[in-house]
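K.L.:
Show me how the following folds:
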Amino acid sequence: MSDKSARVVYMNGQFVAEADAKVSIFDSALMFGDMVFEMTRSFNKKQFMLRQHLERLYRGIKQLHIPIGMAIDEMEQAIYRTIEANEPVFEAHDEHRLMINVSRGPLAMYKIVFGGKIEPTVSIADFPVKWTVASLAHFYDDGIHCVTPSQRAIPATLLDPKIKNRSRMYLQVANLQVSLLDDPNAMALLLDPDGFVTEGTGANFFIVRDGCLVTPEPRNCLRGTRRAYVLDLAQRLGLPTQETNIELYDVASADEAFFTSTAFSMLPCTKINGLLIGDGKPGLVFARLIGAWSEEVGVDIIAQTKAFAAEVGALTSGTSMYRFAKEKA
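P.N.:
Numbering: from 1, shown residues only. A predicted model of the protein is given here:
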């Protein structure tokens, strides 16, 4: 196992030990959830779609008027420096998962605490991918049971989900609601206030219908990098694609369904609110897409995730970034 005590985090131009990486209690991120972020990962140690992540990050920085003095190229250089600093304590088979957070920093009323100078908070953490995906590996065989919680997605007219931000309590509430179910395979699939499917709590959603790949139109969901990649990959494989409003009726009537995300790439969905999707098994289109993705990055994504689960699964079973252990009576 890698020496977690030796990992370092980039904090405003300095490297600090992971356990010592702190954000001020007066930071706007803590006060308002006023922070944009990106999570990236590697395949065979090579960052995948990093520039696309950074371009989305800087679109959010611009639209939220965060006065960062760090250009996108400087941010990219800082990321590679962070990877280089941590690579010696990663094992040979580990993949790098970067978490990049940017807030406007401490609120101006507290600047006296900081000698009259305040600046945006920029952090870059490097964490092994295996700890994020190990608990999800069984879904490649079992499939996810998508459940629609009572919590609705916040529409873009109220808080634009296309800006990847840390004001995400509604996603956490959805996770908590679904975690109350006595089904370890249940994960949240959110609807917007009009009843249309939007996304999971950190993943985009697709269905397959009559050979066509269909995903919610991007008004009320994050325009995910992996969402864009899968749409492009499908078109290159000759699969028709469509972005449109999707109702639960459409999901229950679909031939296949799956989630996409940066961490796990793709996971099949085999049930919706207790109803089987298709034959209740991961589908052929899913297999074709993740097979092509694996070939392009030179990693068998499913096999790698299962290997991570075998390595650290006992320490990650029962909970994940999407699901929480139920409280004992």
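K.L.:
check which helix or strand covers the residue nearest in space to the middle of the chain.
P.N.:
The centroid of the chain falls nearest to Gly202 when counting by C-alpha atoms, centre = their mean (4.6 Å). Under the criterion DSSP states H and E, no helix or strand holds Gly202.
K.L.:
same thing with Leu315?
P.N.:
Assigned by DSSP H and E, Leu315 falls in helix 301-316.
K.L.:
now swap in Ser150 and tell me
P.N.:
If you go by DSSP H and E, Ser150 is not part of any helix or strand.
K.L.:
show me what contacts the closest residue to it other than its chain neighbours?
P.N.:
Nearest non-adjacent residue to Ser150, counting by C-beta to C-beta, 6 or more residues apart in numbering: Gln177, 6.3 Å away. C-beta: built from backbone N, CA, C; applies to glycine. By C-beta atoms under 8 Å, 6 or more residues apart in numbering, the contact list for Gln177 reads Pro149, Ser150, Gln151, Ala188.
K.L.:
Asp126 falls within a strand, correct?
P.N.:
Yes: with DSSP: H, G, I helix; E, B strand; the rest coil as the criterion, Asp126 is part of a strand.
K.L.:
From Met187, how far out is Leu276?
P.N.:
Leu276 is 16 Å from Met187, where distance means C-beta to C-beta, to the nearest Å.
K.L.:
of the two, who's got more company?
P.N.:
Met187 (26 against 13; other C-beta atoms under 10 Å).
K.L.:
you'd agree the more buried one is up against His145?
P.N.:
Yes: the criterion here is C-beta atoms under 8 Å, and Met187 meets it with His145 at 7.1 Å.
K.L.:
which residues are common contacts for these two?
P.N.:
Joint contacts of Met187 and His145 (C-beta under 8 Å, 6+ apart) do not exist.
K.L.:
re the thing from before, identify, from the contacts of Gln177, the entry nearest to Met39.
P.N.:
Ala188 (18.2 Å; C-beta to C-beta).
K.L.:
tell me the phi and psi of the closest one?
P.N.:
Backbone torsions for Ala188, taken as degrees, to the nearest 10, come to phi -80, psi 140.
K.L.:
For it, give me its contacts.
P.N.:
Neighbouring residues of Ala188 by C-beta under 8 Å, 6+ apart: 146-149, 151, 171, 174-175, 177-178, 200-201, 322.
K.L.:
Can you point out the buried residues in stretch 21-38?
P.N.:
21, 23-24, 26-30, 34-38 (16 or more other C-beta atoms under 10 Å).
K.L.:
ok, now stretch 71-86?
P.N.:
Buried-residue list, stretch 71-86, by 16+ other C-beta under 10 Å: Met75, Ala78, Ile79, Thr82, Ile83, Ala85, Asn86.
K.L.:
Mind listing residues that contact that stretch?
P.N.:
Under the criterion C-beta under 8 Å, 6+ apart, residues 7-10, 13, 15, 40, 47, 50-51, 54-55, 57-58, 70, 96, 98, 100, 122, 124-126 lie in contact with stretch 71-86.
K.L.:
Repeat the analysis, applying 6 Å as the threshold.
P.N.:
Arg7, Val8, Tyr10, Phe15, Leu54, Tyr58, His96, Leu98, Ile124, Asp126 (C-beta atoms under 6 Å, 6 or more residues apart in numbering).
K.L.:
can I assume the fourth one is in contact with Val8?
P.N.:
When you say that, I think you mean Phe15. Yes: with contacts counted by C-beta atoms under 6 Å, Phe15 reaches Val8, the gap being 4.3 Å.
K.L.:
ok, these two, which is more surrounded?
P.N.:
Comparing Phe15 with Val8 by other C-beta under 10 Å, the one with more neighbours is Val8, at 19 against 15.
K.L.:
Setting aside sequence neighbours, what's the nearest residue to the residue nearest to the centre of the chain?
P.N.:
Counting by C-beta to C-beta, 6+ apart, Gly202 lies nearest to Ser261, which is 6.0 Å off, once chain neighbours are set aside.
K.L.:
In contact with the one you found, which residues?
P.N.:
Gly202, Ala203, Arg226.
K.L.:
in the chain, what spans have low per-residue confidence?
P.N.:
1-5, 314, 316-321, 323-329 (pLDDT under 70).
K.L.:
Walk me through the domains of it.
P.N.:
The chain is divided into the following domains under automatic domain parsing: 4-128, 135-316.
K.L.:
Tell me which of those is the most buried.
P.N.:
Counting by mean count of other C-beta atoms under 10 Å, domain 135-316 has the highest mean neighbour count of the domains of the chain, with a mean of 19.
K.L.:
mind checking how far Ile25 is from Leu107?
P.N.:
11 Å.
K.L.:
ok, now Gly283?
P.N.:
49 Å.
K.L.:
Over to Pro184?
P.N.:
Distance of Pro184 to Leu107, computed by C-beta to C-beta: 41 Å.
K.L.:
quick one: which helix or strand includes Glu38?
P.N.:
strand 35-43.
K.L.:
can you list contacts of that strand?
P.N.:
Applying C-beta under 6 Å, 6+ apart, the contact partners of strand 35-43 are 29, 47, 50, 53, 57, 60-61, 95-103, 129, 164-166, 262, 297, 299.
K.L.:
now the angle from that strand to helix 301-316?
P.N.:
Using axes from the mean of the first three to the mean of the last three C-alpha atoms, to 10 degrees, the inter-axis angle of strand 35-43 relative to helix 301-316 is 120 degrees.
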